[in-house]
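Chemist: fold the following.
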Amino acid sequence: MLADFIERLQLTDLTVVGNDTGGALCQILCANRPDLVGRLVLTNCDALEHFPPKAFRPIEAAGAHVPGLVAGLNLLLRARSVRRILLAAAPLTIQPLPDELPAAWFAPLRDRSIRIDLRAVLQGISAKHTLAAAERLGSFDRPALIAWGVRDRFFPLSDAERLAEILPCSRLERNRRCPNLCSIRSTAAARRPVAGTGELVAAVFGEHHLLGAGSVQVVGDVRT
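Modeler: Numbers count the residues shown, from 1 in each chain. Below is the predicted model:
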């Protein structure tokens, strides 16, 4: 789907940025269609054997196979108190998130077609895809930046280190203050891990809250 999207828009000189589940999708894209990508940036994300992370496997399995569960979650997550409890149980950032962010993330679940798509995605998630991608990423000879928060409870630093070894033109930046969603930070803080990448810094880590959970960011020029 990402490859089709890129080709349909005729994007060139392309940078893809992925975090969380989006990072796995970027790895799969670069492994299978390296010709479409000029640069890769990964923050804390699914990789290798952790797709999904071990802590989320029961939730992923339930959402994939228990009828009505995703619809029930949609109703529950409309309540601010439920969102607050959920993020307190699985903190993803150093400071608590303003409620408008998770509210915006979960709002699309009100659309039945999106709930159907989500269940299909959950049924398809498997480490076999990221492991297969890892076998081919060694041929991705474009610049790759891995900016990883070492305080992450879900995505281990060892995955970042293994990705850095696999990707031949990669650079690993360890952020010792940052947990899972290290892309959700102020501009100045977010720019430090990617210093030296020129205009990519401004394009990818622009203003506060640019990237959300499980996102893929595509930066490139559109042919006219």
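
Chemist: what is the neighbour count of the closest residue to Ala62 other than its chain neighbours?
Modeler: Counting by CB to CB, 6 or more residues apart in numbering, the nearest residue to Ala62 once its immediate chain neighbours are dropped is Leu69, at 5.7 Å. To be clear about C-beta, it is placed using only N, CA and C from the backbone, and glycine gets the same treatment. As a burial measure, Leu69 scores 16 neighbours (other CB atoms under 10 Å).

Chemist: Leu69 reaches Ala61, doesn't it?
Modeler: No - Leu69 lies out of contact with Ala61 (CB atoms under 8 Å); the separation is 10.2 Å.

Chemist: list the residues that contact Leu109.
Modeler: Val70, Leu73, Asn74, Leu77, Arg115, Leu118 (CB atoms under 8 Å, 6 or more residues apart in numbering).

Chemist: what is the mean pLDDT for the longest strand seen in the chain?
Modeler: Criterion DSSP state E: the longest strand present in the chain is strand 11-20. For strand 11-20, mean pLDDT rounds to 86.

Chemist: which is the succeeding secondary structure element to that strand?
Modeler: Remark: after strand 11-20, the chain's next helix or strand is helix 21-32, criterion DSSP states H and E.

Chemist: kindly export that following helix (C-alpha atoms) in CSV.
Modeler: C-alpha atoms of helix 21-32 as CSV (Å, rounded to 0.1, in the frame of the first residue of the first chain):
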residue,chain,number,x,y,z
THR,A,21,4.0,0.0,13.9
GLY,A,22,4.8,2.5,11.2
GLY,A,23,8.5,1.7,11.7
ALA,A,24,7.8,-1.9,10.8
LEU,A,25,6.0,-0.8,7.6
CYS,A,26,8.9,1.4,6.6
GLN,A,27,11.3,-1.6,7.1
ILE,A,28,9.1,-3.8,4.9
LEU,A,29,8.9,-1.0,2.3
CYS,A,30,12.7,-0.5,2.2
ALA,A,31,13.3,-4.2,2.0
ASN,A,32,10.9,-4.8,-0.9
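
Chemist: does anything pack onto that helix? Which helices or strands?
Modeler: Contacts defined by 3 or more CB pairs under 8 Å, 6 or more residues apart in numbering; DSSP states H and E place helix 21-32 against helix 2-9, strand 11-20, strand 39-45, helix 127-136, strand 216-222.
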